[in-house]
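[1] Predicted coordinates and the sequence they were generated for:
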Amino acid sequence: MTEILAAHDVAVEFTHDGQTLQAVRGIDLTLDEGETLALVGESGSGKSTLALALLGVHQLARGKVTFRGDELASVEPHIFRKHVQPVLQDPYASLDPRWRVARSIAEPLHALKFGNIEARVASLLDAVGLAAEFASYLPNALSGGQRQRVALARALAPEPSVLIADEPLSALDMSVQAQILTLLADLQRTSRIALLLIAHDLTLVQRVAQRVAVLYLGRVVEQGPAARTLAAPLHPYTAALIAATP
Ligand code: ADP
Ligand code: MG
């Protein structure tokens, strides 16, 4: 397995009114090429903080993040931006409300000098299961699930190597959650993208993840192959999380 993105002893701190909070600490996590790693943990456990650290957004109080073995500071920003794409809980957050779908999907392509952008947009719409006519829609004319499909098409547009999806299902209706999860899993399989799938519960991710990491109070308390971890958890918090899963 070739490692693509990794955290090495990462800590992120926030300071409020002179008080320092370590939102995550001692994080050692690797994402291999083409795998799906689920990162689970309750609200406030540090999942989004870790996602943003892996995206190079947060300054680290300790440790380092590496992309293909190189510390982020030494990776060309445009290379990193092309290869590591975020997908957020609220697809509205990644779409400009004034832009039609085609423009939102095409925007990251211009800087990358893709040849036939129109054809690429059409094939991306097809890949995420949206009819061609949606190209001319504004985000507010789409359902939540359709909007998340557009956000996915946009994230896939630059042919990234990694998707970091921070609770991409949480804002969606239950029935739509399963559809988007299946789509994510299919895209991951066909494109061999590495997927870090962040969720606060295990119900959905256990269907698609090869490995699971469990975050509790800012620390990874357990990680391992999904089947083994779910069948025989090593940490009491993981056991509690599984017991709470319908
Ligand atoms: P999760 O995504 O698992 O719900 P977060 O990473 O959002 O957890 O938050 C972890 C902890 O860090 C929480 O206590 C949260 O309040 C705090 N936190 C997150 N982001 C910030 C920030 N930008 N400034 C201050 N505190 C933050
Ligand atoms: Mg979060």
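    Great, that's in hand. Numbering: from 1, shown residues only. Ligands and ions are numbered 1, 2, ... in the order given.
[2] okay, CA-based contacts and neighbour counts for the rest of this
    OK.
[3] any idea where the strands of the protein begin and end?
    Remark: strands assigned in the chain by DSSP state E are 3-16, 19-32, 36-40, 62-67, 70-71, 84-87, 162-166, 194-199, 211-216, 219-225.
[4] In JSON lines: these, plus mean pLDDT.
    Below are the strands of the chain laid out as JSON lines (pLDDT from 0 to 100):
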{"stretch": "strand 3-16", "mean pLDDT": "97"}
{"stretch": "strand 19-32", "mean pLDDT": "97"}
{"stretch": "strand 36-40", "mean pLDDT": "96"}
{"stretch": "strand 62-67", "mean pLDDT": "98"}
{"stretch": "strand 70-71", "mean pLDDT": "98"}
{"stretch": "strand 84-87", "mean pLDDT": "95"}
{"stretch": "strand 162-166", "mean pLDDT": "96"}
{"stretch": "strand 194-199", "mean pLDDT": "95"}
{"stretch": "strand 211-216", "mean pLDDT": "96"}
{"stretch": "strand 219-225", "mean pLDDT": "96"}
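[5] Can you add mean neighbour count and give these back as JSON lines?
    Below are the strands of the chain laid out as JSON lines (neighbours: other Cα atoms under 10 Å):
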{"stretch": "strand 3-16", "mean neighbour count": "18"}
{"stretch": "strand 19-32", "mean neighbour count": "18"}
{"stretch": "strand 36-40", "mean neighbour count": "26"}
{"stretch": "strand 62-67", "mean neighbour count": "20"}
{"stretch": "strand 70-71", "mean neighbour count": "14"}
{"stretch": "strand 84-87", "mean neighbour count": "23"}
{"stretch": "strand 162-166", "mean neighbour count": "24"}
{"stretch": "strand 194-199", "mean neighbour count": "25"}
{"stretch": "strand 211-216", "mean neighbour count": "23"}
{"stretch": "strand 219-225", "mean neighbour count": "18"}
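[6] Around ligand 1, pick out the residues from this structure.
    14, 23, 42, 43, 44, 45, 46, 47, 48, 49 (Cα under 6 Å from any ligand atom).
[7] of all those residues, which two lie farthest apart?
    Maximum pairwise distance in the residues of the chain next to ligand 1, criterion Cα to Cα, is 19.0 Å, between 14 and 42.
[8] tell me the pLDDT at residue 106?
    For residue 106, the model assigns a pLDDT of 94.
[9] tell me the contacts of it?
    Taking Cα atoms under 8 Å, 6 or more residues apart in numbering, we find residue 106 in contact with 117, 118, 121, 154, 157.
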